[in-house]
Each structure stands twice: as structure tokens, then as C-alpha cells.
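Novice: Below is the sequence, then the predicted model.
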Amino acid sequence: MSENNYQPPKVWTWDKSAGGAFANINRPISGATHDKELPVGKHPLQLYSLGTPNGQKVTIMLEELLAKGVKEAEYDAWLIRIGEGDQFSSGFVDVNPNSKIPALRDHSTTPPTRVFESGAILLYLAEKFGHFLPKDPAGRTETLNWLFWLQGSAPFLGGGFGHFYNYAPVKIEYAINRFTMEAKRQLDVLDKQLAKHTFVAGDEYTIADMAIWPWYGNVVLGSVYNAAEFLEASGYQNVLRWAKEVAARPAVKRGRMVNRTFGEPNEQLHERHDASDFDTHTEDKRNG
């Protein structure tokens with residue numbers, strides 16, 4: 001039956017063959033599919049992730065903390081290959097029952113603290129180490145405004161626009177138009193905010209920037225969905241200015257490499273267990 005003639009049945013049933021590029025991992029139930037414990041490295045902070053925009057938020061935050069001299073922010077970053085279903089292991093589900101990356105376990109507490117959802121991890125780390133979240137109530141609130149804006153908006157950009165524009169097995173004009181309109185509206189919101197401030201929540205670099213940049217910064221710079229031209233990203237001059245400025249930060253350059261399995265080999269560090277891994281374990285050096 002064509003998309004134009006589709007009528008929903010009275011009761012939906014799961015067709016395993018209808019999931020497109022993600023058919024092998026999408027399912028209508030939660031929980032573990034297999035027993036496997038997660039590895040634990042030498043540092044208190046154990047991150048289980050993949051270098052998607054959501055994963056980049058946390059590794060950027062950790063690298064920014066280390067750049068500030070916060071030695072306690074040293075971490076092990078273990079690769080979770082979501083295309084192979086690693087997120088459905090019993091160990092991962094124990095850290096995040098929602099089976100989504102990133103997930104963090106902090107072994108500096110007794111018992112270890114689990115933190116899931118990227119925004120929650122950013123907030124946890126900001127409060128734990130006292131950086132990138134303003135102390136004054138107004139600045140803190142504005143930063144959290146934009147952090148939660150991202151958590152509510154990014155699904156429209158990724159699961160909406162990105163999916164139907166880039167991944168869906170069929171191009172549905174209505175869906176692409178619907179989510180393109182929303183993506184452009186969100187970029188306009190950001191552009192107007194960044195016309196008044198250096199960074200998203202004001203003139204201070206915060207977890208709001210770390211949350212928003214991997215999605216919206218990468219989109220306008222052409223690193224996500226190859227959609228910069230389609231979205232006329234050049235029209236959002238303030239977003240572009242901010243995106244380039246954040247991208248140039250050394251900690252951001254490092255953070256976006258961690259758990260990355262795509263792109264140029266010198267941009268991929270599949271696992272990170274020590275700062276020296278950037279010099280010795282990127283894929284170009286491992287395979288060179």
C-alpha cells in the first residue's frame with residue numbers, strides 16, 4: 001500500500017521489516033536482550049557512549065573540565081555500538097533502563113551513581129565540579145532554560161527532520177516539509193538569541209552551549225545530515241559565528257572525537273581511557 005493511501009489499523013502491530021535503516025534495533029518493548037556486564041576502567045567516571053550529537057555533549061563537557069585542571073574529571077569512555085544492539089545488554093540497561101546513549105556511572109560515590117539522559121549528565125557534572133553553570137540564580141536559570149530547550153527541541157531536529165530527510169526509506173514530502181519548518185524555526189530562535197549574546201545563555205560559555213552545539217552547530221557547519229544548504233544555514237549568521245567559535249575550542253575538538261566511529265580516521269578515537277590516547281590511539285595511528 002502506498003504512503004498516500006495508508007490508513008492506520010484499529011490496533012497497531014509490529015512489522016519487523018518496516019523499520020528502514022534502524023529495523024534491527026528498533027522495537028516496541030524495553031529491557032535487555034542479552035546478558036553482558038559493562039567494562040569498568042581505572043577512573044571513577046565511567047562513560048558508555050557513541051560519538052553521536054548526544055554522546056558528544058558529555059565528552060565535550062569532560063574534556064572542558066579537564067582543560068580547566070579538574071583532575072577528578074578523568075574518565076573512561078567505552079564504545080557502545082548501537083547499530084549492533086550494545087545498548088540492550090543487561091549491564092547497559094542497568095545504567096540506563098531507556099537503552100539510549102550516553103550513560104554514566106560515577107564510582108566515586110557509594111554505591112556508584114548512575115546518570116542517564118545527556119542533559120542530566122551535563123547538569124550532574126556541572127554541579128559536581130562547580131564549572132560551566134553560573135552560580136547566580138538568574139544566570140543559572142537562563143542556562144537551564146536553554147538546556148531544557150535543547151532537550152525538548154532536538155528530537156524534532158534529529159528524530160524528525162534528520163530521520164525523514166536523511167534516513168527514512170521513502171521520502172515523504174509532508175513529513176520533510178513539517179520538520180524542515182520546525183528546524184528552521186528553531187534555528188531562528190537561536191539566531192535571535194545569539195544576536196544579543198556571545199554564547200547561548202549569555203556571555204559565559206556554559207553547559208547550554210555544550211548541549212546545543214553538537215546538534216545545531218554541527219547542522220549549520222554541515223557535519224550532520226549534509227543539510228546545511230537545504231536549510232539555508234548561511235542565513236543564520238549569528239548561529240554560524242557561534243558554531244565556528246565553539247568548534248575552535250581545543251576541548252571541543254577532542255570531545256567530538258571520543259567514541260566516534262565515522263568520518264576521517266584522525267577524527268576517530270573509539271575508546272578513551274587516558275589523555276594520551278588522543279596522541280596514540282586515533283584510528284589513523286592504530287591502522288597506520
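Specialist: Arrived safely.

Novice: which other residues reach the helix or strand where Arg185 lies?
Specialist: Per DSSP states H and E, Arg185 falls inside helix 173-194. Contact with helix 173-194 is made by 146, 149, 153, 156-157, 160-161, 164-165, 168, 200, 212, 216, 219-220, 230-233, 236-239, 241-242, as judged by Cβ atoms under 8 Å, 6 or more residues apart in numbering. The C-beta positions use only the backbone N, C-alpha and C, and glycine is treated the same way.

Novice: and Leu62, which of the three is it?
Specialist: Three-state call for Leu62 (DSSP: H, G, I helix; E, B strand; the rest coil): helix.

Novice: Run a quick neighbour tally on it.
Specialist: 27 (other Cβ atoms under 10 Å).

Novice: Same question for Glu84.
Specialist: Neighbours of Glu84 (other Cβ under 10 Å): 10.

Novice: quick one: it and Ala183, what's the gap?
Specialist: Separation of Glu84 from Ala183 (Cβ to Cβ, to the nearest Å) stands at 29 Å.

Novice: and Trp242, what is it in contact with?
Specialist: By Cβ under 8 Å, 6+ apart, the neighbours of Trp242 are 194, 198-200, 209, 213, 217.

Novice: Please pick the buried ones from the contacts of helix 173-194.
Specialist: Listed as buried from the contacts of helix 173-194 are 146, 149, 153, 156-157, 160-161, 164-165, 200, 212, 216, 219-220, 231, 233, 236, 238-239, 242; burial here means 16 or more other Cβ atoms under 10 Å.

Novice: This protein: helices as residue ranges?
Specialist: For the chain, the helices defined by DSSP state H occupy 53-67, 90-95, 118-129, 137-155, 173-194, 207-212, 218-220, 237-247, 250-255, 277-280, 283-287.

Novice: got the angle between the first one and helix 137-155?
Specialist: Direction vectors for helix 53-67 and helix 137-155, defined by axes from the mean of the first three to the mean of the last three Cα atoms, to 10 degrees, enclose an angle of 150 degrees.

Novice: Give me the residue at the spatial middle of the chain.
Specialist: Centroid-nearest residue in the chain, with Cα atoms, centre = their mean: Asn54, separated by 1.0 Å.

Novice: So Arg185 versus Gly160, what's the distance?
Specialist: As judged by Cβ to Cβ, Arg185 and Gly160 stand 12 Å apart.

Novice: what's the answer for Phe22, then?
Specialist: 15 Å.

Novice: what's the distance between stretch 88-102 and the middle of its chain?
Specialist: Averaging C-alpha positions (Cα atoms, centre = their mean, to the nearest Å) puts stretch 88-102 16 Å from its chain's average.

Novice: meant to ask about stretch 252-271, not that
Specialist: The answer for stretch 252-271 is 13 Å, by Cα atoms, centre = their mean.

Novice: and that stretch, which residues are buried?
Specialist: By neighbour count with 16+ other Cβ under 10 Å, stretch 252-271 contains the buried residues 252, 254-260, 268-271.

Novice: got it, and stretch 274-282?
Specialist: 277-278, 281-282.

Novice: now the end-to-end length of that stretch.
Specialist: For stretch 274-282, the first-to-last residue distance is 12 Å (Cα to Cα, to the nearest Å).

Novice: Which residues does that stretch contact?
Specialist: By Cβ under 8 Å, 6+ apart, the surrounding residues in contact with stretch 274-282 are 66, 74, 254, 257, 265-272, 285.
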